[in-house]
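[1] Provided below for reference: sequence and predicted model.
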Amino acid sequence: MGVNSSSISELSTNESLKILAGTKVITEDDPFWNKLLSFKFLPPQTIADARLLEEATNSICKHLTNNNPHTGNFCSLVKVFLRRADELKTSTQCNDYLFTWQTYNALFIIRSVCKYMLENISEGRIKQQFSVAVPKEGATRPNGESQCLLEEFLNAVIKILIEVPVLDFTYMLHLEGITLLLVMLSLQMFIPRVSHESIIYQLLMTSSCSKDAHILIKTLLDHFIEQKLCPDSPFGTDQSGGGFLSGVTSAVASGLWTVMTLGYGASAAQEESKPLLANQSLLLLLVLGNHDAHHGVQNPYRHALCTFSNSQDGGAANSLTGHLPPFKLNFSNLYEAFCRRFDSDQTTLLFYLLLHRNSNFRQCVLSKTNIDNLVLPLLKILYNAPESNSHHIYMALIVLLILSEDDAFNKSIHEVSVKTVPWYTERAISETTLGGLIVLVVIRTIQYNMTRMRDKYLHTNCLAALANMSSQFHSLHPYVTQRIVSLFELLSKKHGKIIEQLSNGSSTVATSHMDEQDYMADLAVLEEVLRMVLEIINSCLTNTIHHNPNLVYTLLYKKHLFMSFKTNSKFQDIIQNIDTVLSYFSARLDQQSDGKNMSVDEVLDIIRQGMMLWNKESLRKFPDLKFKYVEEEEPEEFFLPYVWSLVYHSSNLYWDADRIELFNLNSQ
C-alpha cells in the first residue's frame, strides 16, 4: 500500500509535529511522547520517496533546530529514546512488540532531524543541540550534562546493534540504528578533504563508544554473511494472524502519520524483499574501516577488521604479535558470502580490504580448493569493463594481483578446469583452465584500456598480475597463446607507427615541440609495456616450456613479429632467449618436414618430441618476475571519496547533490 503526495504534504502542518518543533517546553516525562511515538510508519525504501519525505518535513526540522536551544525538546526526545533503549533488551525477550515499535519510531525521528542538522548547520552547533539543559517537572537543571548526551546517544545505538537480537519485529530497529550511524558520519561528504577533527568521528574512535568496536564489526559482518531479508511483518504478528501494526493502531491515540508505507507496502515486501540490513551493514563497515583517525590515534574498527581470525582455527594467538584476535568468525561462511555477491562495488571493496590487511583471512582464501568460486566473479567484472565503473574494475584487478603474489595460487589455477563460461561471448571455449581464462580476460582488459581508458596504472597492474603468474603457466589452450602473441602484435604495430611518424616527420604528427614530446612519452610507455609482454613470454619459456607446446607453436607461426626487435637495444637481451627457442624448434621442423606441409597435430608432435631433448640451460637467466601490490602513501584520499560515493548511491537515502564536496558526482 502506498501513499500519495498530498498525504505527505500534510506532515508540515501536523499538530503533533508542530508541538514538537514549537516554542512550548516538553519534558521527557510528558505524556505527549506516547502519543508522538504511536504512529504507524515504515521508512521509505527508495531514494525518490526519501526525498519526498525530507521535503515534506524540512520546515518542521528547521523550526525544531531553531527552537531547541530554548525548549530542549530535541534533547528530551533523545532522553526518551535513551530510557527506552535501556529497557529494550528485556522487552525484546518478552516479545514486547509495542515497546520496540515506539523505540524505533523515536530513533527514526531523531535520525531525520540529525540528517537535517548535518546538512544545514556546523558540527559544533550540532553538539550544542545535544547539550541543551532539559528541565524536569518541579526542578531546574544546570547547563551541561554529567556525560555528553551525544556520546550517550551514540553508545545507546551501538548497544542496541550488538545486544538486541535480530528478530522479525526488531529487524527495522537494527536497520534504523545502522542507518543512523551512517547519517551521523555523513558529514564527511560535505567536506572537500578527509576530516581528522570531526567531533562525531572522535567520539566513535576514542570515547567510550569505541570500547565495543570489535563487537560492532563482528555484528555487521554477521549481517553481511546472513543476508536476512526484510520481513513481511516487520513488527511481528498478532494472535489473529494480522500484522501487528494493524492490531495496535486501534488501541492507541490517533497516530502522527497514520498509514504511511512509502515504497514498502505488504505486497511489495513479499514481491521485492531485499537484504536491506546486510546492505547497510556493508556500507557502515566500509565507512568505519576506511576512516583515517590521524595523529597516531588507532582506528579501533579498522584494527578489528584487520586482526579478527577464523573460528575454525582454535584459540591461538597471532603468530606475529602474540595477541589474541579481537573476535572470531567462520571464514568459510564469509568467503561464500563474498563469492555470491561480487557484482557490487561495496562487496569487492570490503573483500579487498580484508584480503590486503587481514593476514588470517588472506591465508584462508589462498587455501581454498574452490578458488574458482572467487576468481570467476572477479573475471566477470573485468570482462564487463565497458559496463562497469573504473573504480570497480580497479578493485577487482587489484584483488587478482594480490592473489597472484602467491605461488600456490598461480599453480592451482591451472589445475582447475573450466568447461563453460556463459558470459565469455567472444569465442566459445569448450574447455580451458581457470588460469587460461584469467590470461584471456586480463589481456582483453589491457586491449580495452588501450582503446578506451588509456590508463597507465591499469596497464601496470594487469601486466603485473600476468607476470606473477607467468612462471606457472601450464597447458595453455591454443586460443590463450594466440591472444598472448596477438597482444604483442598489436603493441608492436603501434610501436612501429610511432617510430615511423617520429623519424619521417609524417603529416599526421604536429610539428610543435610539445606534440613531439607527447609522442616520445607515448613511445616510452609503449616500450615499457612491450618489454613486459616479452618478459612474460620469456618467463613461461624459461620455467614451463615443457608444459606449453601450444605457446611454442604460436610463437613459431608468428616468429616474424620478433625479428625487428632483435637489433633494438631495449629488447635485445630478452629477444635473444625467444630467438633461441624459435631457432631450435624451427630447425627440428625443417629436419623432419622434408619440405612438405604438415598438419597442426604433426607440428605439435615434433614440438613435443623436441621438448624432451630441450636443454633449459641454453636460455639466459633473468630475475623472477615478482610484483607486489603496495597502497599509496595516503590511501584514504582515494578510498574515502569512493566509499562515500557508494553510500550516496546505495544507501536508499536522499542526499542533496549540491552539498556534496568530497567527490565529483559527474565522475561516479
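    Received it, and whenever you're ready, just let me know what you need.

[2] Once you drop chain neighbours, what's closest to L288?
    Nearest residue to L288, sequence neighbours excluded (C-beta to C-beta, 6 or more residues apart in numbering): Y301, at 3.8 Å. Where you see a C-beta, it was placed from the backbone N, CA and C, and this is true even at glycine.

[3] Would you point out the helix or strand in the protein whose mean pLDDT is lowest?
    The helix or strand of the chain with the poorest confidence is helix 244-248; it has a mean of 37 (mean pLDDT, DSSP states H and E).

[4] confidence score at the closest residue to Q592 other than its chain neighbours?
    Leaving out its chain neighbours, the residue that sits closest to Q592 by C-beta to C-beta, 6+ apart is I606, at 5.4 Å. Reported pLDDT at I606 in the predicted model: 94.

[5] In PDB, could you pull the C-alpha coordinates for whichever strand or helix holds I606?
    Taking DSSP states H and E as the definition, one finds I606 inside helix 600-613. Output in PDB follows, covering the C-alpha atoms of helix 600-613 (Å, rounded to 0.1, in the frame of the first residue of the first chain):
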ATOM      1  CA  VAL A 600      48.800 -28.800 -36.800                       C
ATOM      2  CA  ASP A 601      48.900 -32.100 -35.000                       C
ATOM      3  CA  GLU A 602      52.100 -33.100 -36.800                       C
ATOM      4  CA  VAL A 603      53.800 -29.900 -35.900                       C
ATOM      5  CA  LEU A 604      52.800 -30.200 -32.300                       C
ATOM      6  CA  ASP A 605      54.100 -33.800 -32.200                       C
ATOM      7  CA  ILE A 606      57.500 -32.600 -33.400                       C
ATOM      8  CA  ILE A 607      57.400 -29.800 -30.800                       C
ATOM      9  CA  ARG A 608      56.700 -32.200 -28.000                       C
ATOM     10  CA  GLN A 609      59.400 -34.500 -29.100                       C
ATOM     11  CA  GLY A 610      61.800 -31.600 -29.300                       C
ATOM     12  CA  MET A 611      60.900 -30.600 -25.700                       C
ATOM     13  CA  MET A 612      62.100 -34.000 -24.500                       C
ATOM     14  CA  LEU A 613      65.600 -33.000 -25.700                       C
END
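
[6] Next, the residues that contact it from outside, please.
    Contact partners of helix 600-613, identified using C-beta atoms under 8 Å, 6 or more residues apart in numbering, comprise 545-546, 549-550, 552-553, 556, 584-585, 588-589, 592, 598.

[7] Show me which of the residues you listed are buried.
    Among the contacts of helix 600-613, the ones that count as buried by 16 or more other C-beta atoms under 10 Å are I545, P549, N550, V552, Y553, Y584, F585, R588.

[8] Check which helices and strands the helix or strand hosting N66 sits against.
    Under the criterion of DSSP H and E, N66 resides in helix 47-71. Contact here means 3 or more C-beta pairs under 8 Å, 6 or more residues apart in numbering; DSSP states H and E; on that basis helix 47-71 packs against helix 5-9, helix 15-21, helix 73-93, helix 97-120, helix 123-129.

[9] what sits up against it?
    By C-beta under 8 Å, 6+ apart, the list of residues contacting helix 47-71 reads 5, 8-9, 11-12, 14, 17-18, 20-26, 43-44, 73-75, 112-113, 115-117, 120-121, 128-129, 132, 262-263, 652-654.

[10] That one: which residues count as buried?
    With burial defined by 16+ other C-beta under 10 Å, the residues of helix 47-71 counted as buried are 47, 49-50, 52-54, 56-57, 60-61, 63-65, 67-68, 71.

[11] and the angle for that helix with helix 97-120?
    Compare the direction of helix 47-71 with that of helix 97-120 by axes from the mean of the first three to the mean of the last three C-alpha atoms, to 10 degrees and you get 90 degrees.

[12] tell me the angle helix 47-71 makes with helix 73-93.
    Put simply, helix 47-71 runs at 120 degrees to helix 73-93, going by the same axes, to 10 degrees.

[13] which ones are touching I545?
    I545 makes contact with L551, V552, V581, M611, W614, K616, according to C-beta under 8 Å, 6+ apart.

[14] just N449 next, same as before
    D455, L458, H459, C462.

[15] residues contacting the second one?
    Remark: with contacts taken as C-beta under 8 Å, 6+ apart, L458 is in contact with I393, Y394, L397, T445, I446, N449.

[16] So which bits of the one helix or strand the first one maps to are buried?
    Using DSSP H and E, I393 falls within helix 390-404. Within helix 390-404, the residues that count as buried by 16+ other C-beta under 10 Å are 391-404.

[17] Any idea how many residues pack against S645?
    21 (other C-beta atoms under 10 Å).

[18] got the angle for the helix or strand encompassing it vs helix 390-404?
    Following DSSP H and E, one finds S645 within helix 636-650. Counting by the same axes, to 10 degrees, helix 636-650 lies at 120 degrees to helix 390-404.

[19] Please save the CA atoms from helix 636-650 in CSV.
    Taking C-alpha atoms only, helix 636-650 is exported to CSV below (Å, rounded to 0.1, in the frame of the first residue of the first chain):
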residue,chain,number,x,y,z
GLU,A,636,42.3,7.5,2.2
GLU,A,637,42.5,10.2,-0.5
PHE,A,638,41.2,7.5,-2.9
PHE,A,639,39.2,5.2,-0.7
LEU,A,640,37.2,7.8,1.3
PRO,A,641,35.6,9.5,-1.7
TYR,A,642,35.0,6.1,-3.2
VAL,A,643,33.3,4.7,-0.1
TRP,A,644,31.1,7.8,0.4
SER,A,645,30.1,7.7,-3.3
LEU,A,646,28.8,4.2,-2.7
VAL,A,647,26.9,5.4,0.4
TYR,A,648,25.4,8.2,-1.8
HIS,A,649,24.2,5.8,-4.5
SER,A,650,23.4,2.7,-2.5
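
[20] So which elements touch the longest helix along the chain?
    Counting residues, the longest helix in the chain under DSSP state H turns out to be helix 513-544. Judged by 3+ C-beta pairs under 8 Å, 6+ apart, the packing partners of helix 513-544 are helix 456-470, helix 478-504, helix 549-557, helix 572-593.

[21] mean confidence for that helix?
    Confidence for helix 513-544, expressed as mean pLDDT, is 85.

[22] do the same with stretch 305-314
    The pLDDT scores in stretch 305-314 average 90.

[23] from the chain's centre, how far out does it sit?
    With C-alpha atoms, centre = their mean, to the nearest Å as the basis, the distance from the averaged C-alpha position of stretch 305-314 to the chain average is 21 Å.

[24] Likewise for stretch 45-55?
    25 Å.

[25] Stretch 376-387 now?
    With C-alpha atoms, centre = their mean as the basis, stretch 376-387 stands 15 Å off its chain's centre.

[26] Buried by neighbour count: which residues of that stretch qualify?
    Counting neighbours by 16+ other C-beta under 10 Å, one finds that the buried residues in stretch 376-387 are L376, P377, L378, L379, K380, I381, L382, Y383, A385.

[27] Among those, which are located in helices?
    Within the buried residues of stretch 376-387, membership in helices is found for L376, P377, L378, L379, K380, I381, L382, Y383, as judged by DSSP H.

[28] for the stretch 551-668 of the chain, which spans come out with low pLDDT?
    667-668 (pLDDT under 70).

[29] related to what we said a few turns ago, among the contacts of I545, find me the one that's closest to Q202.
    Out of the contacts of I545, the one with the shortest distance to Q202 is L551. That distance is 57.6 Å, counting by C-beta to C-beta.
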